[in-house]
Structures are given as C-alpha cells and as structure tokens.
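Chemist: the following block contains a protein sequence and its predicted model.
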Amino acid sequence: EEIEKGGYEHFMLKEIYEQPRAIHDTFRGRLRPDQGIIKMAGIDQNSERFLNANRIIIVACGTSWHAGLVAEYIFEDMARIPVEVEYASEFRYRNPVITENDVLIAISQSGETADTLAAIKLAKENGAFVFGVCNVVGSSIARETDAGAYTHAGPEIGVASTKAFTTQITVLMMIAMKLAKEKGVFSESKYHELLTELEGIPQKVERTLETNPLIEKISEVYKDSSNCLYLGRGYNFPVALEGALKLKEISYIHAEGYPAAEMKHGPIALIDEQMPVVVIATRKGHYEKVVSNIQEIKSRKGKIIAVVTEGDNTVKELADHVVEVPEASESMTPLLTTIPLQLLSYHIAVMRGCNVDQPRNLAKSVTVE
Ligand code: G6P
C-alpha cells in the first residue's frame, strides 16, 4: 500500500496531486487544438442524437452529481441545449417523463452505483439515448449505456472523490464544445481559443496546487469549527456544493454549500464570529455581486476564506484569507477553484485525526440502494 501511495501520506492527497496528469490523460488523443478538432468516438458516431435532442437529462449521485451540475451550466451556455440534472435515486422513482428524443447522460466514477444503473435502465426502456461518463473501464454502467466516454483518471482509491470530479468536468466540457461547434454556436476562432485554453488547464491546476502550504495554515485556524458555509455563483455554485460535501465526508464538520445570492434567504442567519464562510469569488461572472455578499458576511463578523483570481485586491481588503487561482474563462474556473477546497478538507480532516481515505459510514461505491 505504501508503494501505491507513491510517497504521499494518503491516497486522497496523491489523487489531488494527480489532477494535472489526470486531466491531461482525459483529453490526450482527443483534444487537438492544432487541427481545430476534438475527437470522441462516442459523440462522433451519435452527434445527431445529441443535436436533435429535446433536452439532456443528467443523472448521477454524490460528487458525480455535482459534476453534472457544472455540466448543466456548460451545456446550456456553450451548446444551447436544455439540461436537467437529477439525483439518480429521485429520478428512478418519480415516474419521470422520458421520450425518444431525450438524451440521458449518466455520470459515475465507479460505473457501479445502483441508483444510477436503475435510472439508465428506465431511460432505455422509454427509448432515450443513454450516454455514460465513467472512470472504471468495463464497469456495469459502461456496458449498459448506448455509448460513452471514459474519463481515464486512473484508479481512485480515496473514498472522497477528487480527480474523478475534475476529469468528469473535462469530458463533459469537451462534449459541450464539440456540440457547440457542430451546431454553429462557436466560430472557428472561438472554438480554437477554447480548445487551446483547455489544453493549458493542467498547468494552471499545477500552479493552483502551489497554494497547499497556505491552505494548511488556514486549516489550522478552522480545524475546530463545528460548521462551515460554502458560497459560489454560476459555474462555481456546484463547486461550493462539492467543497461542502468534501468537508463533511472526511472531517465530519457540518458544512453547507449555497448559491451566494440565496444566502439572504436563510444561511445569513447562521453567520457570526464563529462561522467560517468559504466564498468563491473569481473575477469573471457576477464578481461584483459576490463581493457584495462578502461585505454582508463581513458586517456580521463571519470569517471569510475567499478563492479569488490572481492579482485580486478588492477581496483581499475584505476577506480574512485569500487563495489565488490563475485567470481562466468562467467555464473553466471550476477545474481550478475546486482544488483549494479539496486541500482544505484534506488538511482539516488530517488535523482532526480522521481516517481520510476511509471515512466512517461511507463506501467508495454504493452498489445497493
Ligand atoms: C459514493 C462515493 C462518492 C461518489 C458517489 C457516486 O457516495 O463515496 O465519492 O461520488 O458514491 O459514485 P459514482 O461511482 O457513481 O461516481
């Protein structure tokens, strides 16, 4: 096991650090900015199904469901295809309306999650086209779907999912870009620009990982908290949900993710000097609005840990701690902003003496209901 951990103290930390490589492996052989193409057999052979779809329904559980939420923003924004994201466990039992013109995308790291598998079967029975985004090659979901794309993240051992999440987003982004191009939403130059930017993401993830010593210091300050709030907007709202999930999974601190603007409809009542609030405030996309949310937290004496774009000075004045990530298009920021939140939950859990790789009561793959 020590050899498998490759010198890291835990699988989770190893997998966090593997992300630049894992994302690279996800687009290796597929993304070709020099030729202006993305090659994905599962999409190339079925693009008509996607382009003629009434809507895309995404089903998943846990962290994969959060990747689905990010994909909702990506697909609607880039490819202009309506998307619904569903918990597989709810979808399968609520007598959903599914037609032959629907495309269902099932996202699953393990490819074995029972509820996701059941949702796939239901969609197939109703004539929908079912596409899988899995990590484990040859898994049940990979076999049950009509077509699919693997994430190629390599084995994920830590129960709390990390590199599976960022590679799922990478695959889904490539699909959305491809469809946007085929639909004519993107010009050649816009397409080329985004392809090139995506190719540069692993290097930006690498730079983001350099925030680790700072995050360790921040973790020291908040390790004894009993609650934590995570806020984000737009593409970074699902990242806030994922940050909160990571913290509760491995450190057992109660954490909630919220869309920043919804704060005033509830969570603001919880804010006092004991409450750490992690805010994703990257410069693109509703930045000013998030800054005003930060001001509201500050005036209630909440402790602010902000994830900002490199060189940001406005938030630095207001927040207790700032963690910088490299500049990127808004759609690509989740691949960066997620990293500090993974590290924060990791360090806090280690400092609290928790079993990071095998948290209590949780399983890597939930193959029963
Ligand atoms: C479990 C794991 C999570 C994972 C979820 C969905 O709860 O602990 O890390 O996100 O299942 O798993 P899947 O393999 O379908 O992505």
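Modeler: Thanks, I have the structure now.
Chemist: distance of the nearest residue in space to Asn52 that is not next to it in sequence relative to Gln45?
Modeler: The shortest distance from Asn52 to any non-neighbouring residue, by Cβ to Cβ, 6 or more residues apart in numbering, is to Asn101 (6.8 Å). For every residue, glycine as well, the C-beta is placed using N, CA and C. Distance, Asn101 to Gln45, using Cβ to Cβ, to the nearest Å: 18 Å.
Chemist: that older thread, check contacts around the residue nearest to Asn52.
Modeler: Shown in contact with Asn101 (Cβ atoms under 8 Å, 6 or more residues apart in numbering): Asn52, Ala53, Asn54.
Chemist: now the last one: how far from Ala328?
Modeler: So that's Asn54. 32 Å.
Chemist: of the two, which one has the most company?
Modeler: Neighbours were counted for Asn54 and for Ala328 using other Cβ atoms under 10 Å; Ala328 has more, 21 against 13.
Chemist: could you look up the SS state of the more buried one?
Modeler: Under DSSP: H, G, I helix; E, B strand; the rest coil, the three-state class of Ala328 is coil.
Chemist: hmm, Gln203 and it touching each other?
Modeler: No: when contacts are counted by Cβ atoms under 8 Å, Ala328 is not listed as touching Gln203 (11.1 Å).
Chemist: with adjacent residues omitted, what lies nearest to the residue in the stretch 201-350 of the chain that the ligand sits nearest to?
Modeler: Closest to the ligand within the stretch 201-350 of the chain is Glu249: 7.1 Å, counting by Cβ to the nearest ligand atom. Beyond its immediate neighbours in the sequence, the residue positioned closest to Glu249 (Cβ to Cβ, 6+ apart) is Ala160, lying 4.8 Å away.
Chemist: where's that neighbour, which helix or strand?
Modeler: Of the helices and strands defined by DSSP states H and E, none includes Ala160.
Chemist: against the ligand, how distant is it?
Modeler: 6 Å (Cβ to the nearest ligand atom, to the nearest Å).
Chemist: run a quick neighbour tally on that residue.
Modeler: Count around Ala160 with other Cβ under 10 Å applied: 30.
Chemist: and Gln342, what are its phi and psi?
Modeler: phi -60, psi -50 (degrees, to the nearest 10).
Chemist: got phi/psi on the residue of the stretch 151-300 of the chain found nearest the ligand?
Modeler: Residue nearest to the ligand within the stretch 151-300 of the chain: Ser161 (3.7 Å; Cβ to the nearest ligand atom). Per-residue torsions, Ser161: phi -80, psi 130 (degrees, to the nearest 10).
Chemist: pull the contacting residues for the closest residue to it other than its chain neighbours.
Modeler: Using Cβ to Cβ, 6+ apart and skipping residues adjacent in sequence, the residue nearest Ser161 is Thr63, 3.9 Å away. Residues in contact with Thr63 (Cβ under 8 Å, 6+ apart) are Gln109, Ala160, Ser161, Ala164, Phe165, Glu242, Leu245.
Chemist: now do Thr63, the pLDDT please.
Modeler: Listed pLDDT for Thr63 reads 98.
Chemist: so which helix or strand takes in it?
Modeler: Using DSSP H and E, Thr63 falls in helix 62-74.
Chemist: which bits of the stretch 51-200 of the chain sit near the ligand?
Modeler: Proximity of the stretch 51-200 of the chain to the ligand (Cβ under 6 Å from any ligand atom) is limited to residues Cys61, Gly62, Thr63, Ser64, Ser108, Gln109, Ser110, Thr113, Thr116, Val159, Ala160, Ser161.
Chemist: farthest pair within these?
Modeler: Thr116 and Ala160 (18.2 Å; Cβ to Cβ).
Chemist: quick one: residues contacting the residue most central in space within the chain.
Modeler: The C-alpha lying nearest the average C-alpha coordinate of the chain belongs to Ala67 (Cα atoms, centre = their mean; 4.1 Å). Each residue near Ala67 by Cβ under 8 Å, 6+ apart is listed here: Ala60, Ile107, Phe165, Gln168, Ile169, Leu172, Pro238.
Chemist: neighbours of the nearest residue to it once chain neighbours are set aside, how many?
Modeler: Among residues not flanking Ala67 along the chain, Gln168 sits closest, at 3.8 Å (Cβ to Cβ, 6+ apart). Counted by other Cβ under 10 Å, the residues lying close to Gln168 total 29.
Chemist: dump the residues of the stretch 51-200 of the chain next to the ligand to JSON lines, plus distance to Glu76.
Modeler: Shown next, in JSON lines, are these (distance: Cβ to Cβ, whole Å):
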{"residue": "Cys61", "distance to Glu76": "22"}
{"residue": "Gly62", "distance to Glu76": "22"}
{"residue": "Thr63", "distance to Glu76": "21"}
{"residue": "Ser64", "distance to Glu76": "19"}
{"residue": "Ser108", "distance to Glu76": "22"}
{"residue": "Gln109", "distance to Glu76": "24"}
{"residue": "Ser110", "distance to Glu76": "27"}
{"residue": "Thr113", "distance to Glu76": "25"}
{"residue": "Thr116", "distance to Glu76": "22"}
{"residue": "Val159", "distance to Glu76": "31"}
{"residue": "Ala160", "distance to Glu76": "28"}
{"residue": "Ser161", "distance to Glu76": "24"}
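Chemist: by neighbour count, which of the residues you listed wins?
Modeler: Compared across those, Ser108 has the highest neighbour count, 33 neighbours, by other Cβ under 10 Å.
Chemist: on that earlier part again, what does the helix or strand following the helix holding Thr63 contact?
Modeler: As assigned by DSSP H and E, the chain's next helix or strand after helix 62-74 is strand 83-87. With contacts defined as Cβ under 8 Å, 6+ apart, strand 83-87 is touched by 55-61, 65, 68-69, 71-72, 75-76, 96, 115, 119.
Chemist: any regions of the chain where pLDDT drops low?
Modeler: Residue ranges of the chain with pLDDT under 70: none are present.
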